[in-house]
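**Student:** Sequence unavailable; structure follows:
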């Protein structure tokens, strides 16, 4: 048995470069479980959002899990990076509330746009266009993206817990401090904080489970009736439901370009930010194996559309696993395995409330801030764009918009101060495209 275990360890080491990444199998698996726990909410949230279009909610659960499995497996074995993928938040809301409900198109039309987006992303990745964009982002902006994502993740966590709530007078304000969801979140934050100080491995995961137990006691969540094991619902109502008659229309072009823009810069921002936090950026500030990583979300999006769900993208919650020490594709593989298990234990995973995952997101937000110490604050042509990018991510609720404002500030400040040679041709082109997006 010891010999068999040793062979398995050597196989995993060779397959995922465990030793090369200076990590261990235990650390990678723990990191993968942690990432999954912080993003498992998508199994409940994505079907809830997309079902308002008339799509079958139970089928959407299966499509959500399967698309996450496919994209994350490509990330694990091809890119060999510790990042997980699933149908993206924001992109699913655009699909449902803007394209279908707001613009009046069918969900089949929206799925067709997602399918075309996936194919275009595959083509753009093959010709290194997406990789060119990632590499063109200045190093100080890359550090800022990590910090901005940290603020964004923390904001999402506080909002999910009800600590931050809508406020008509000033947009956001303090939530109801008497709510049990708030106390579940505060308990988790304090517990994880103590565990981090004591250097306890698996602090985030322990915090999520402990907060869930408190949520059960306080009635924030309940044990599902009818058991926790179930058969995955059929995909038939939404599988391969495309409307190809709309491909060559102006409306399709507009929707497709919007999907492309948001997904492109959400993915770019996540890859750069999380890789920077993990100290995985190369000496010249590049994300290792970025082309392979971009293939993962392109393939995930394409197959996700076939299965019947909105755009698949790299998840910012991957930072939770990175914070636990995840550095290789084994982390991603573990996430894929957890999604596979979730297909049969849906009631169990859906039982975990957002207030229990909020503490992990809050702490990950803090851990994501460390790269901002590398930003050159004395050069205002570097620090102002960096700060602009950071602050706009949580305030616009979009990684893509944060990157856009940071890049525009960078280009204009460099031009107006005579440092135009610091700006690459790609950055000039991107600045023009951002301006067209905002004003045309």
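**Tutor:** Perfect, I can see it now. Remember, predicted model here, so these are calculated numbers, not experimental data. Numbering: from 1, shown residues only.
**Student:** Just name the shakiest helix or strand of the protein by mean pLDDT.
**Tutor:** Ranked by mean pLDDT, DSSP states H and E, the weakest helix or strand in the chain is helix 2-16, scoring a mean of 69.
**Student:** Do you have the helices of the stretch 101-250 of the chain handy? List them.
**Tutor:** 107-126, 129-136, 139-161, 180-197, 203-218, 250-277 (DSSP state H, counting those that start in this stretch).
**Student:** contacting residues around the residue most central in space within the chain?
**Tutor:** Most central in the chain under Cα atoms, centre = their mean is residue 315, positioned 1.7 Å from the mean C-alpha point. Residue 315 makes contact with 35, 39, 83, 84, 85, 86, 88, 270, according to Cβ atoms under 8 Å, 6 or more residues apart in numbering. Heads up, the C-betas are built off the backbone N, CA and C, glycines and all.
**Student:** For it, give its distance to residue 72.
**Tutor:** According to Cβ to Cβ, to the nearest Å, residue 315 stands 9 Å off from residue 72.
**Student:** Need the overlap of contacts for the two.
**Tutor:** With Cβ under 8 Å, 6+ apart, residue 315 and residue 72 have common neighbours 84, 85, 86.
**Student:** how far away is the closest residue to residue 161 other than its chain neighbours from residue 143?
**Tutor:** Excluding its sequence neighbours, the residue lying closest to residue 161 (Cβ to Cβ, 6 or more residues apart in numbering) is residue 185, at 3.4 Å. As judged by Cβ to Cβ, residue 185 and residue 143 stand 28 Å apart.
**Student:** Looking at these two, which one has more neighbours?
**Tutor:** Between residue 185 and residue 143, counted using other Cβ atoms under 10 Å, the more crowded position is residue 185 (31 against 27).
**Student:** Residue 107 versus the nearest residue to residue 240 once chain neighbours are set aside, what's the distance?
**Tutor:** Spatial nearest neighbour of residue 240, chain neighbours left out: residue 306 (5.8 Å); criterion: Cβ to Cβ, 6+ apart. Computed as Cβ to Cβ, the residue 306 to residue 107 distance reads 14 Å.
**Student:** circling back to that earlier point, any idea how far the residue nearest to the centre of the chain is from residue 135?
**Tutor:** 22 Å.
**Student:** can you check residue 19 too?
**Tutor:** Using Cβ to Cβ, we find residue 19 at a distance of 28 Å from residue 135.
**Student:** Not counting stretch 124-144 itself, show me its contacts.
**Tutor:** 121, 145, 264, 268, 271-273, 276, 281, 285-287, 290-291, 294-295, 298, 371-372, 374-376, 382-383, 385-387, 389-390, 403, 406-407, 410, 422, 424, 426-427, 430.
**Student:** What is the end-to-end distance of it?
**Tutor:** 26 Å (Cα to Cα, to the nearest Å).
**Student:** which parts of it are buried?
**Tutor:** Neighbour-count burial for stretch 124-144, counted by 16 or more other Cβ atoms under 10 Å, picks out 124-125, 130-131, 133-144.
**Student:** Over to stretch 359-378?
**Tutor:** In stretch 359-378, counting by 16+ other Cβ under 10 Å, buried: 359-369, 371-372, 375.
**Student:** try stretch 112-128
**Tutor:** For stretch 112-128, by 16+ other Cβ under 10 Å, it's 112, 113, 114, 115, 116, 117, 118, 120, 121, 124, 125.
**Student:** quick one: the first one and residue 246 touch, right?
**Tutor:** Spelled out, it's residue 112. Yes. Applying Cβ atoms under 8 Å, one finds residue 112 in contact with residue 246, separated by 6.3 Å.
**Student:** any residues in contact with both of the two?
**Tutor:** residue 252.
**Student:** Name all residues that make contact with residue 166.
**Tutor:** By Cβ under 8 Å, 6+ apart, the neighbours of residue 166 are 172, 173.
**Student:** can you do 10 Å?
**Tutor:** 159, 172, 173, 175 (Cβ atoms under 10 Å, 6 or more residues apart in numbering).
**Student:** Now which of the residues you listed would you call buried?
**Tutor:** Using 16+ other Cβ under 10 Å, the buried ones in these are 159, 175.
**Student:** Mind checking which of the contacts of residue 166 land in strands?
**Tutor:** Among those, DSSP state E puts 172, 173 in strands.
**Student:** Give me the phi and psi for residue 398.
**Tutor:** When read as degrees, to the nearest 10, the backbone of residue 398 gives phi -160, psi 120.
**Student:** any idea how far residue 410 is from it?
**Tutor:** 18 Å.
**Student:** who has more neighbours, the two?
**Tutor:** residue 410 (27 against 19).
**Student:** count of neighbours near residue 84?
**Tutor:** Neighbour number of residue 84 under other Cβ under 10 Å is 31.
**Student:** Please determine how far it is located from residue 45.
**Tutor:** For residue 84, the distance to residue 45 equals 15 Å [Cβ to Cβ].
**Student:** hang on, the earlier thing: output the buried residues of stretch 112-128 as a markdown table; include the columns distance to residue 215.
**Tutor:** Converted to a markdown table, those look like this (distance: Cβ to Cβ, whole Å):
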| residue | distance to residue 215 |
| --- | --- |
| 112 | 40 |
| 113 | 38 |
| 114 | 34 |
| 115 | 38 |
| 116 | 41 |
| 117 | 37 |
| 118 | 37 |
| 120 | 42 |
| 121 | 38 |
| 124 | 43 |
| 125 | 41 |
